[in-house]
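Just a sequence and a predicted model for now, questions to come.
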Amino acid sequence: MNVLDMERSDVPAAIKNGKITLCVVGGGYVGLPFAALYADLGAKVFVCNRDVKKVEMTNAGKTYIHEVGLDELVKSAVSKGNLTATTDVSDAVSKSDIIFITVG
């Protein structure tokens, strides 16, 4: 889906309904909560991280960040099939309509 061809007012619903795929590059203290929140709300989200163990934890529905409620969000988003963690940034970006960069 080409987001630039959409009416601005239609984008939020398309994200929530999983018609637009998001990619969050950086799965740290900003990126993982951001990705999990959108994924739990219904968006299809890739979250990219360099650390293979963190990717594996996320894909198992677990988190490595101590934030109130984040464990539940990640678990819910993964169980819905909306959140996928990966180390392959190129692949995630190529499959996404909107890319957010959340690295230092």
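Sure thing, it's come through. Residues are numbered from 1 along each chain as shown.

Show me what secondary structure element comes after the helix or strand harbouring residue 12.
Assessed by DSSP states H and E, residue 12 sits inside helix 11-16. Next along the chain after helix 11-16, taking DSSP H and E as the criterion, comes strand 21-25.

Pull out the C-alpha coordinates of that next one and format them as PDB.
What follows is strand 21-25, C-alpha atoms only, in PDB (Å, rounded to 0.1, in the frame of the first residue of the first chain):
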ATOM      1  CA  THR A  21       3.100  -2.400   7.900                       C
ATOM      2  CA  LEU A  22       5.400  -0.500  10.300                       C
ATOM      3  CA  CYS A  23       9.100  -1.000  10.800                       C
ATOM      4  CA  VAL A  24      10.800   0.200  13.900                       C
ATOM      5  CA  VAL A  25      14.600   0.300  13.600                       C
END
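
which residues in this structure form helices?
In the chain, the helices defined using DSSP state H lie at 11-16, 31-41, 52-59, 70-79, 89-94.
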